[in-house]
Every structure is written in structure tokens, then in C-alpha cells.
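A.B. asks: have a look; sequence and predicted model below, questions after that.
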Amino acid sequence: MKIFLIIVIMFFFKSISYSKNTDIIHDFKITFDCKLEKIMIKNKDFNYQTFTADNIEVDKNKILKVVAEQPSVLKIYGLSEFIDTYSDISKDDVRIAKNDTILFKNIDFKKKYSESVFLNRSTGELIHEVTKNMNTKDNEKYISFFSCNKKWKSNN
């Protein structure tokens, strides 16, 4: 079921790239407390192998701050250094915040590295995908699944 969900999300991100890349319809500031549930790894050693949070040595807890301002500002802090420090919007970036759904995708300027985030604000489900060595036969994917709870919310 999760693999089907990943395929749908990847298709969704691909289809978004042909539509409007930035669409923020609400102003808000929300802080989430997120806990890693599992991670799926695809690299030279693993072919989409899934590990539970107990079976892998990574940072399992994240405090995310999400800020959205109409018409085009969407920032996510606390998930990764790449997303925290990425401020330029290129034609390949996606920033969408509609109702309960937040989509965020950044690609580095060399087109070798990307990070994508899908967050459902009402259920707290978060999927974070990291792709390294894009467009090569040795590409790597790390797809993390988190469960998040709202800690603080402001509508301005």
C-alpha cells in the first residue's frame, strides 16, 4: 500500500511540474512535533527496503515550522539543512499550500539533488523524499514517513 502511495505522490509531483509551481491560498504559521515511523531506502545496497525507526540510526524527532504567505511564500524549517537554507525559487521548485495539503519540492541548481515534502495538516502525515545523484544510474532515494502533531498555530 505504501509503495502505491509513493507512486501516486511521485506521479503527482511530476504532473505538478507541468502546472502552476507556486500556489499559496492561506496565510499561516504552524509548528509540528514529528516522529519518524519508517524510512524506505533505494541505493546500491538496498532496493526500496523499508526500515522502522527502531532499526535505523537517524534523527527520529523533528520540530517543523511551516510558514505560508500569499501568493508565493512557503517555508519549512527543521526538516533538513537543504530545505532550511534554500531561498531561491527556480522554475523546477514546487510550493503549494491548499486547505490541508502542503507540497514542497526543491531541486539544486546542478539538478543532481532534490528534496520533496508532502504534509497533510489535518492528519499529520508527512513524507520527506531525498533524491541524490539525480538523472544517473546510481541515483539514491531516501523516503521518510513521519507522524506529526500540531504544537502551535497562527493564521497570521
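C.D. replies: Happy to help now that I have it.

A.B. asks: quick check: which element contains Lys35?
C.D. replies: Using DSSP states H and E, Lys35 maps to strand 28-42.

A.B. asks: pairing partners for that strand, with directions?
C.D. replies: Strand 28-42 has the following strand partners under DSSP bridges: strand 47-52 (antiparallel), strand 61-69 (antiparallel), strand 140-154 (antiparallel).

A.B. asks: what average pLDDT does that strand get?
C.D. replies: Taken as a whole, strand 28-42 carries a mean pLDDT of 95.

A.B. asks: burial count for Lys98?
C.D. replies: Residues lying near Lys98 (other CB atoms under 10 Å) number 12. All C-beta spots, glycine's among them, are computed from the backbone N, C-alpha and C.

A.B. asks: just Ile76 next, same as before
C.D. replies: Ile76 sits with 24 neighbouring residues when counted by other CB under 10 Å.

A.B. asks: and if you look at Asn55?
C.D. replies: Asn55: 9 surrounding residues under other CB under 10 Å.

A.B. asks: got the phi and psi for it?
C.D. replies: The phi/psi pair for Asn55 (degrees, to the nearest 10) reads phi -100, psi 10.

A.B. asks: equivalent analysis for Thr85, please.
C.D. replies: Main-chain torsions, Thr85, degrees, to the nearest 10: phi -100, psi -10.

A.B. asks: gap between it and Ile102?
C.D. replies: 19 Å (CB to CB, to the nearest Å).

A.B. asks: can you show me the CA trace of stretch 27-38 as CSV?
C.D. replies: These are the backbone C-alpha positions of stretch 27-38, laid out as CSV (Å, rounded to 0.1, in the frame of the first residue of the first chain):
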residue,chain,number,x,y,z
ASP,A,27,-1.5,32.6,5.3
PHE,A,28,-0.5,30.6,8.4
LYS,A,29,2.3,29.7,10.7
ILE,A,30,2.2,26.2,12.2
THR,A,31,4.7,24.3,14.4
PHE,A,32,4.6,20.4,14.3
ASP,A,33,6.3,17.9,16.5
CYS,A,34,7.1,14.9,14.2
LYS,A,35,8.3,11.4,14.9
LEU,A,36,9.9,9.1,12.3
GLU,A,37,7.9,5.9,11.7
LYS,A,38,9.9,4.3,9.0
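
A.B. asks: just use 37 as the starting number from now, easier for me
C.D. replies: Understood, numbering begins at 37; the last thing we discussed is stretch 63-74.
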